[in-house]
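*Asks:* Next comes the sequence, and after it the predicted model I'd like to discuss.
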Amino acid sequence: MTPSPWFEGFTPHRIATTGAEIFVRTGGTVGAPPLLLLHGFPQTHALWHRVAQQLARDYFLVLPDLRGYGDSSHAPGLPDHSNYSKRALAQDMAEVMTALGHNSFYLCGHDRGGRVAHRLALDHAARVKRLCVIDIAPTLDMYARTDMDFARAYYHWFHLIQPAPLPETMIGGNARAYLHAKLGGWGSAGLAHIEPPALADYERCFCTPEAIHTACEDYRASAGIDLDHDRDSRARGDKIACDTLVIWGAHGVVHRLFDPLVLWQAQCAGVVSGQAVSAGHFIPEQLPGETADALRGFMREGQPAPR
């Protein structure tokens, strides 16, 4: 873990959960509503540093590294990949919030963090006040729509799920180049949106054999046990209970291939609102001000969700 000047005033923690040790930074305003922010692949909690600066007066912010990412633990994947299922990662987050003393909270997830947030809102519905997901559609719907366009754009969904150690070995041949290609893709048009300290954190945390393996395990879980969990939830009629905000990039794959509002409303009992913004995939870094404003407006206590 390296010093992070843009998280000045935030407190680092290591919290043991049932299946992992989670690194977390907390900060903002003590006593304000808690807001849990979840990053995605191939990043760390550093994704949120610009957004956190703008929300610190309004919320008590909780910024973890997901299991298998950043400075959280990187245990090898189990044969069924269940220790990297979104259910397991969501349980981590529920236990983190309990350890920090928050029975209920606001929740936002980008990319893989959005998939964890989706499962968290299903499995721990009473605890999630409002949900925001950024630049994703539901996993089951995305896999079900697979065609040549989707496979070309999201080839990593099919590469990373191959049996170990093939993708680990291939990525490990030049992990930094692979990381940069991912961070600069999906409508991002290069790395200009990433500040050098954040990029250094991503490089430090991703470019190790352990981290590459656990990132693959995240995707292997999503193509297997996560789909089983999602199908079971749909068969039972389980839906996200709270109002949900969906933000996606107008220059990204989700905008081109999916209808996020329709797909998320089908999975939500609450009101779903949102829109495309002028960005690629990495919206919290490309548009931190707009992201913070959207979250502040939507997560406001007692206010109805915009339609």
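*Replies:* That came through, no problem.

*Asks:* Enumerate every residue touching the closest residue to Ile134 other than its chain neighbours.
*Replies:* Excluding its sequence neighbours, the residue lying closest to Ile134 (Cβ to Cβ, 6 or more residues apart in numbering) is His110, at 4.1 Å. Backbone N, C-alpha and C define where each C-beta goes, glycine included. By Cβ atoms under 8 Å, 6 or more residues apart in numbering, the residues touching His110 are Leu38, His39, Gly40, Leu47, Val133, Ile134, Asp135, Phe282, Ile283, Pro284.

*Asks:* okay, now the last one: neighbour count?
*Replies:* The reference is to Pro284. Residues contacting Pro284 under the criterion other Cβ atoms under 10 Å number 28.

*Asks:* Same question for the first one.
*Replies:* Burial of Leu38 is recorded as 29 neighbouring residues (other Cβ under 10 Å).

*Asks:* Bridged to it, which residues?
*Replies:* Taking DSSP bridges as the rule, Leu38 bridges to Gly109.

*Asks:* That one reaches Met93, doesn't it?
*Replies:* Yes - using Cβ atoms under 8 Å, Leu38 is in contact with Met93, at 7.0 Å.

*Asks:* still on that earlier bit, tell me the buried residues within the contacts of His110.
*Replies:* Buried members of those, scored by 16 or more other Cβ atoms under 10 Å, are Leu38, His39, Gly40, Leu47, Val133, Ile134, Asp135, Phe282, Ile283, Pro284.

*Asks:* now those in CSV, with secondary structure?
*Replies:* Formatted as CSV, the buried ones among the contacts of His110 follow (DSSP: H, G, I helix; E, B strand; the rest coil):
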residue, secondary structure
Leu38, strand
His39, coil
Gly40, coil
Leu47, helix
Val133, strand
Ile134, strand
Asp135, coil
Phe282, coil
Ile283, helix
Pro284, helix
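
*Asks:* of those, closest to Phe158?
*Replies:* Of all the buried ones among the contacts of His110, Gly40 has the smallest distance to Phe158: 17.7 Å, by Cβ to Cβ.

*Asks:* The residue lying farthest from the centre of the chain and Ile212: what is the separation?
*Replies:* Distance from the centre of the chain peaks at Gly173, with 26.1 Å (Cα atoms, centre = their mean). Distance, Gly173 to Ile212, by Cβ to Cβ, to the nearest Å: 11 Å.

*Asks:* From Arg50, how far off is Thr139?
*Replies:* Applying Cβ to Cβ, the value for Thr139 to Arg50 is 27 Å.

*Asks:* coming back round to it: which among the buried ones among the contacts of His110 gets closest to Glu217?
*Replies:* Of the buried ones among the contacts of His110, the one sitting nearest to Glu217 (Cβ to Cβ) turns out to be Gly40, at 14.7 Å.

*Asks:* so who does that closest one touch?
*Replies:* Going by Cβ under 8 Å, 6+ apart, Gly40 touches Leu47, Gly109, His110, Asp111, Arg112, Gly113, Gly114.

*Asks:* Tabulate the residues you listed (CSV), appending pLDDT.
*Replies:* CSV is the format used below for these (pLDDT from 0 to 100):
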residue, pLDDT
Leu47, 96
Gly109, 98
His110, 98
Asp111, 98
Arg112, 98
Gly113, 98
Gly114, 98
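
*Asks:* Can you tell me which of the residues you listed lies closest to Phe258?
*Replies:* When the contacts of Gly40 are ranked by distance to Phe258 (Cβ to Cβ), Gly114 comes first, at 13.2 Å.

*Asks:* Quick check: closest non-adjacent residue to the closest one.
*Replies:* Counting by Cβ to Cβ, 6+ apart, Val133 is the residue found nearest to Gly114 once chain neighbours are left out, at 3.9 Å.

*Asks:* Quick check: bridge partners of that neighbour?
*Replies:* Beta-bridge partners for Val133, by DSSP bridges, are Gly109, Val246.

*Asks:* any idea which helix or strand carries the closest residue to His159 other than its chain neighbours?
*Replies:* Excluding the flanking residues, the one nearest His159 by Cβ to Cβ, 6+ apart is Pro167, at 5.5 Å. Per DSSP states H and E: Pro167 is located in helix 166-172.

*Asks:* re earlier: now do the contacts for the residue nearest to Gly114.
*Replies:* The contact partners of Val133, by Cβ under 8 Å, 6+ apart, come to Cys108, Gly109, His110, Gly114, Ala117, His118, Thr244, Leu245, Val246, Ile247, Trp264.

*Asks:* and which of those is nearest to Leu66?
*Replies:* Gly109 (9.4 Å).

*Asks:* And that closest one, how far from Asp147?
*Replies:* Gly109 is 26 Å from Asp147, by Cβ to Cβ.

*Asks:* what's the answer for Pro260, then?
*Replies:* 18 Å.

*Asks:* more crowded one of those two?
*Replies:* Per other Cβ under 10 Å, whichever of Pro260 and Asp147 has more neighbours is Pro260, with 22 against 8.
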